[in-house]
Structure formats: C-alpha cells, structure tokens
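J.: Starting from these lines, generate the structure:
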Amino acid sequence: MSQFEMLGALVTQSVDWSRVTAFHLDEYVGLSISHPASFRRYLKERFVDKISGLKAFHFVSGDTPADAAAECRRLSALIAP
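T.: Numbering: from 1, shown residues only. Reported below is the predicted structural model:
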C-alpha cells in the first residue's frame with residue numbers, strides 16, 4: 001500500500017481525532033513548506049487539512065539548515081515522556 005492510499009484510507013476512518021497527537025519526523029533540510037518536494041506540505045495537504053479536530057500535529061521545520069540540530073532537540077523534547 002502506498003502512502004497515498006494509506007493516508008486516503010486513514011482520513012475516512014471514524015477516529016476520535018481530538019485524542020490524537022501526531023508527529024512528522026522526516027523532512028529535507030533547506031526546503032520550505034511551499035516547495036513541491038516538502039514532506040511537510042505533502043502531509044498537510046493529504047492528511048492534516050482533511051482531519052477535523054486533530055489534537056496536535058507536530059511538523060519538522062526543515063527551512064534553515066543551521067537550525068536542524070535545534071529542531072531535532074525541539075521534537076525530541078515533545079516526544080519524550
């Protein structure tokens with residue numbers, strides 16, 4: 001099953017999205033969300049924008065290569081129990 005099919009099926013499921021916190025953990029460094037190859041953009045358009053009431057979705061910001069280590073620390077802190 002491709003990511004297209006999986007996300008397409010997922011957004012049709014009856015899920016209490018208000019209880020779901022999701023993490024995007026893969027992005028190209030140096031790409032803005034407006035770039036056609038951005039995985040952030042892909043997930044936003046194909047999943048996040050189609051879900052009503054999602055508790056939280058944490059995107060990886062890959063815009064600035066100099067900030068990559070700080071972005072990893074930010075996401076690690078969010079994920080840590």
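J.: give me the low-pLDDT residue ranges for the protein?
T.: 1 (pLDDT under 70).
J.: And the residue nearest the centre of the protein?
T.: residue 24 (3.4 Å; C-alpha atoms, centre = their mean).
J.: Now residue 22: which helix or strand?
T.: If you go by DSSP states H and E, residue 22 is part of strand 21-23.
J.: And the biggest helix by length in the chain, what's buried?
T.: As assigned by DSSP state H, the longest helix anywhere in the chain is helix 68-79. For helix 68-79, burial by neighbour count (16 or more other C-beta atoms under 10 Å) applies to 68, 71, 75. Glycine gets a C-beta too; all of them are placed from N, C-alpha and C.
J.: Residue 57: which of the residues you listed is nearest?
T.: Each of the buried residues of helix 68-79 was scored against residue 57 by C-beta to C-beta, and residue 75 proved nearest at 12.1 Å.
J.: For residue 38, see how far away that closest one is.
T.: 16 Å (C-beta to C-beta, to the nearest Å).
J.: could you pull out the strands for the chain?
T.: Using DSSP state E, the strands found in the chain span residues 21-23, 56-58.
J.: got the ones you listed as JSON lines, with mean neighbour count and distance to residue 45 columns?
T.: Output for these, formatted as JSON lines (neighbours: other C-beta atoms under 10 Å; distance: least, C-beta to C-beta, whole Å):
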{"stretch": "strand 21-23", "mean neighbour count": "13", "distance to residue 45": "15"}
{"stretch": "strand 56-58", "mean neighbour count": "13", "distance to residue 45": "13"}
